[in-house]
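Chemist: turn this into a model:
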Amino acid sequence: MSDLTGLRTGDFHGFPSLLIDTPFSTAAISLFGGQLLSFVPKGGQDVMWLSPTAKQPPTPIRGGAPVCWPYFGRQDQTGEVPAHGFVRTVPWQLTESRREDDGTLVLTLTPPSFDDLALRLRMTLRIGRTLEQSLITENTSPAPVRFTQALHNYFRVGDALTVSVQGLDGLDYLDKYENYATA
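Modeler: Prediction:
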């Protein structure tokens, strides 16, 4: 565990977590599933929603920003596999942490290695005035590997019926409700 000021382990709503406190915001990241559970700008409200009935491990946590990897949904998977991949239900480790000059904390977390996959995953979070979260997948084999990944964000909103997403016009996507047809 890092000895950075503003970074400690603790409990967040019953989940063992990394607890982050910067001059600009606070955050909580569950070590179970590597899942962002909370991001609160100073003087503001939590941006993330966490189900009041979220269950303890090994059940995936409902809320925050679950990491879906190496597939989303059950896309192209055969047999009984967990929805949204299997990194949501494994322990993650903090592998790197640093503080930037303005007080922003940058954290890198990784799930365990999966020997049968030719893929390695890491997640980086920048927690400060804003939140930046990215997933980086590395193909460790010379052959192409098909995968999907997503951050399945649960944002706290007042009225879900008034929410809109902008900036995606003209982009292709896979429609889960149309058997993953390109739309």
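
Chemist: the one helix or strand residue 109 maps to: which residues count as buried?
Modeler: Secondary structure assignment for residue 109, by DSSP states H and E: strand 105-110. Under the neighbour-count criterion of 16 or more other CB atoms under 10 Å, strand 105-110 has 105-110 buried. In this view, the C-beta of every residue, glycine as well, is placed from N, C-alpha and C.

Chemist: stretch 117-132 now?
Modeler: 117, 119, 121-123, 125-128, 131.

Chemist: one more: stretch 83-99?
Modeler: In stretch 83-99, counting by 16+ other CB under 10 Å, buried: 84-89, 92, 94, 97, 99.

Chemist: nearest to residue 50 among those?
Modeler: Nearest to residue 50, judged by CB to CB, of the buried residues of stretch 83-99 is residue 88 at 14.3 Å.

Chemist: which one of the buried residues of strand 105-110 is nearest residue 69?
Modeler: For these, the nearest to residue 69 is residue 110 (11.4 Å; CB to CB).

Chemist: make TSV from the buried residues of stretch 117-132 and add distance to residue 20, pLDDT and secondary structure to it.
Modeler: Shown next, in TSV, are the buried residues of stretch 117-132 (distance: CB to CB, whole Å; pLDDT from 0 to 100; DSSP: H, G, I helix; E, B strand; the rest coil):
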residue	distance to residue 20	pLDDT	secondary structure
117	29	85	coil
119	27	92	strand
121	21	95	strand
122	18	96	strand
123	14	97	strand
125	8	97	strand
126	11	98	strand
127	5	97	strand
128	10	97	coil
131	10	97	strand
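
Chemist: quick check: which of the buried residues of stretch 83-99 has the minimum pLDDT.
Modeler: Within the buried residues of stretch 83-99, residue 84 has the lowest pLDDT, namely 73.

Chemist: how near is it to residue 63?
Modeler: 14 Å (CB to CB, to the nearest Å).

Chemist: run through the neighbouring helices and strands of the least confident helix or strand in the chain by mean pLDDT.
Modeler: In the chain, the helix or strand scored least confidently by mean pLDDT, DSSP states H and E is strand 174-175, which has a mean of 76. Packed against strand 174-175 by the contact rule (3 or more CB pairs under 8 Å, 6 or more residues apart in numbering; DSSP states H and E) you find strand 181-182.

Chemist: starting at the chain centroid, how far to the strand it packs on?
Modeler: Offset of strand 181-182 from its chain centre (CA atoms, centre = their mean, to the nearest Å): 25 Å.

Chemist: cool, thanks, signing off.
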